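S.K.: next comes the sequence, and after it the predicted model I'd like to discuss.
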Protein chains: 2
Amino acid sequence: MASSNKTPTINDVARVAGVSKKTVSRVINRSALIKKDTREKIEAVIADLGYVPNPQARALALRRNFLLGLLHDNPNAQTVLNFQEGVLDAIRTTEFALVVRPVDRHSPKMLDDIRHFLEQQRLYGVLILPPISENDELAALCREMGCGYVRMGSAMLDDEEHVVASNDREMVESAVDYLVESGHRKIGLIKGPEGFRSAYERAEGFMGAMLKHGLEVAPRAIAQGTYRFDSGVVAAGELLDSKDRPTAIFCSNDEMAAGALHAARQRDIHVPRDLSIIGFDDSPIAAHIWPPLTTVGWPIREMGKAAALKLVAPADEAAQRARFPAQLVKRLSVARPAVEN
Amino acid sequence: MASSNKTPTINDVARVAGVSKKTVSRVINRSALIKKDTREKIEAVIADLGYVPNPQARALALRRNFLLGLLHDNPNAQTVLNFQEGVLDAIRTTEFALVVRPVDRHSPKMLDDIRHFLEQQRLYGVLILPPISENDELAALCREMGCGYVRMGSAMLDDEEHVVASNDREMVESAVDYLVESGHRKIGLIKGPEGFRSAYERAEGFMGAMLKHGLEVAPRAIAQGTYRFDSGVVAAGELLDSKDRPTAIFCSNDEMAAGALHAARQRDIHVPRDLSIIGFDDSPIAAHIWPPLTTVGWPIREMGKAAALKLVAPADEAAQRARFPAQLVKRLSVARPAVEN
DNA sequence: ATCCCTTTTGACACCGGTTTCCTTTTTCGT
DNA sequence: ACGAAAAAGGAAACCGGTGTCAAAAGGGAT
């Protein structure tokens, strides 16, 4: 017959049910203006035919689509993937889908590329992961193009409806508190790269905490890193080779902390006996190196879910949250320092 | 005016250019049947108005869309992300977009979920990552639904047009060759989980290579793992605590190799002096632990690109490739064993 | 200049939904 | 039982593209 081996359309449903397509449309969209009998009859036909509305046709008629975009340029694969999982938690039972788009932060054409992408795909909204989430021009572009957006970040970069943020600064403070409680006084810092908001927040948090405890931070107790493993090796090397070396190092992410561990090992400095290390991110590597790293973890999956809900169901209670406290994850890379100081 | 602040449509272009929309459509689709003058005039108008075709409308009219799906349930985030990058390499300049869909391999409803996803989104094709790429029912589902698909795997699971595969078996052989060349005779194996094709291939490759070299594999030289870090710790523990312990261990992935390193450290067995370890995957952790792991890496990004091209540009030369040789990455976790054996 | 063939262009229906607006049916008060 | 208001359902247009097919324009050959 006409509708035998093709996927059924709304017309097929209408014909079989003996109603107009508009009535079927009402059923699909849960319109209240429909008699219970009619609704049930049509629902039966829908189930029978295995009808699923065509999202492209819906998108065209509604002048909006059901695609969320994920923009990222992330050094940390696990973060991206966890976030994706969170987004899917939010949209799995809806008709939305998630489109991913890795971007090149270093390309001068980045904004043009993204503009073209948004124009072409006409996304319902985009989710932006750090570090490019910190780019205000990008947010402005989204607004200009009428594209919804939510930025993930380590600070409140924007209005609550456009942000899911951790509280990096406070969390670094509590990490430093923990080191101080453990008896450390000479604490070094490996900073993240210039221009990264998270790096800034973490460094500020560190300085603030040290000040709070009345501890001095010598310039030679601060080293610059790039968030990459190798930079951690180098930066920790500087710290460890300086005279009056620190008994603990706070690293602005786990990769660099792993690098610091590496540098310590090269120098036969035992962690945690002779040196305590704290990382940030609670990435998988933190648990898989020896000693397992004490670090600060954020609820990325939850943040992904909330971010998606902010776009697709802003009224939902879970969509109201903009702040997501991180947590200190205590493992084995911190110990009380030798008594000599 | 009519078209002032809304995004322009094909009608706007047609009106401004003074031609019919069909003619504009021809220009967009690079039809040859069009006079050069007309084409240039229309292209100018398109550029002037900043017109971009609406992909939803195109999808509706063409009865196909421009969405590729990525199905995965992957323990290894970096693999997924690298593959995504590869896919984007292939589609970045096209109108295609990539939709991701993490799935739950352990759910009994997995196939139904995927069916619903495919029905709902009507994807042009899907890319399937291991381990679920090994599920033949899933491939059958794709065929049944007329959805293109390409499976990534560690063996030729399907026809060339539906697969991008590494040659795990051969690569494990060459890893074993390398250990034997380095003087090892007692080599242990940590297997991946039952039911994973890659685990099977790697184990087979191992046994084949040992046979080739005339080396015996005692049952107690084989331990079962799950591809997870913890299982590596346990499995390596068994191997190392057995009498007549191996001087080298081949681990079926890097996570377990990191676990094995862990187990060695707990027992004060020095790697690589007293024990050599080889992993598989060349995941980031391999380079970030100490000692850096000798491992087998596969060109995942290239595979992602080829997989995408198989769907969107099957005639492209790069889309013809189905086999992607992996490579032994020599780092520091393998050494000549102490002479005693 | 005419005719025929090829190239270029346009009119109109259609893809599968939604919206607007109008008609029919039902419900209910009196 | 009657009329009015409310509820339910339908016809036709529309969203922004593409396919079909016929018409118009161009180009030689006669």
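M.R.: Perfect, I can see it now.

S.K.: show me where the stretch 1-150 of chain A has its helices.
M.R.: A:10-17, A:21-28, A:36-49, A:55-62, A:77-91, A:110-121, A:136-144 (DSSP state H, counting those that start in this stretch).

S.K.: dump the first one to PDB, restricted to CA.
M.R.: The one in question is helix A:10-17. Extracted in PDB, the C-alpha atoms of helix A:10-17 (Å, rounded to 0.1, in the frame of the first residue of the first chain):
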ATOM      1  CA  ILE A  10       1.500  12.400  10.300                       C
ATOM      2  CA  ASN A  11      -0.700  12.000   7.200                       C
ATOM      3  CA  ASP A  12      -0.600   8.300   7.500                       C
ATOM      4  CA  VAL A  13      -1.700   8.500  11.100                       C
ATOM      5  CA  ALA A  14      -4.400  10.900  10.300                       C
ATOM      6  CA  ARG A  15      -5.800   8.700   7.500                       C
ATOM      7  CA  VAL A  16      -5.700   5.500   9.500                       C
ATOM      8  CA  ALA A  17      -7.300   7.200  12.500                       C
END
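
S.K.: okay, the helices of the stretch 1-150 of chain A in JSON lines with distance to DNA strand C and mean neighbour count next?
M.R.: C-beta here means a position set from N, CA and C on the backbone, and glycine is covered the same way. Shown next, in JSON lines, are those (distance: least, CB to the nearest atom of the strand, whole Å; neighbours: other CB atoms under 10 Å in any protein chain shown):
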{"stretch": "helix A:10-17", "distance to DNA strand C": "3", "mean neighbour count": "19"}
{"stretch": "helix A:21-28", "distance to DNA strand C": "3", "mean neighbour count": "18"}
{"stretch": "helix A:36-49", "distance to DNA strand C": "10", "mean neighbour count": "14"}
{"stretch": "helix A:55-62", "distance to DNA strand C": "3", "mean neighbour count": "18"}
{"stretch": "helix A:77-91", "distance to DNA strand C": "18", "mean neighbour count": "22"}
{"stretch": "helix A:110-121", "distance to DNA strand C": "18", "mean neighbour count": "17"}
{"stretch": "helix A:136-144", "distance to DNA strand C": "24", "mean neighbour count": "15"}
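
S.K.: make TSV from those and add mean pLDDT to it.
M.R.: Shown next, in TSV, are the helices of the stretch 1-150 of chain A (pLDDT from 0 to 100):
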stretch	mean pLDDT
helix A:10-17	92
helix A:21-28	91
helix A:36-49	91
helix A:55-62	93
helix A:77-91	95
helix A:110-121	93
helix A:136-144	94
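
S.K.: out of those helices, the one nearest residue B:238 is which?
M.R.: With CB to CB as the criterion, residue B:238 lies closest to helix A:77-91 of the helices of the stretch 1-150 of chain A, at 28.7 Å.

S.K.: what is that closest one packed up against?
M.R.: strand A:67-72, strand A:97-102, helix A:300-312, helix B:77-91, strand B:97-102 (3 or more CB pairs under 8 Å, 6 or more residues apart in numbering or on different chains; DSSP states H and E).

S.K.: export only the CA atoms of it, formatted as PDB.
M.R.: This file holds the C-alpha atoms of helix A:77-91, laid out as PDB (Å, rounded to 0.1, in the frame of the first residue of the first chain):
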ATOM      1  CA  ALA A  77      39.200  14.800  27.600                       C
ATOM      2  CA  GLN A  78      37.500  13.500  30.700                       C
ATOM      3  CA  THR A  79      35.900  16.800  31.500                       C
ATOM      4  CA  VAL A  80      34.500  17.100  28.100                       C
ATOM      5  CA  LEU A  81      33.100  13.600  28.200                       C
ATOM      6  CA  ASN A  82      31.600  13.900  31.600                       C
ATOM      7  CA  PHE A  83      30.000  17.100  30.600                       C
ATOM      8  CA  GLN A  84      28.500  15.400  27.600                       C
ATOM      9  CA  GLU A  85      27.100  12.700  29.800                       C
ATOM     10  CA  GLY A  86      25.500  15.300  32.000                       C
ATOM     11  CA  VAL A  87      23.900  17.000  29.000                       C
ATOM     12  CA  LEU A  88      22.600  13.700  27.800                       C
ATOM     13  CA  ASP A  89      21.200  13.000  31.200                       C
ATOM     14  CA  ALA A  90      19.100  16.100  30.700                       C
ATOM     15  CA  ILE A  91      18.000  15.600  27.100                       C
END
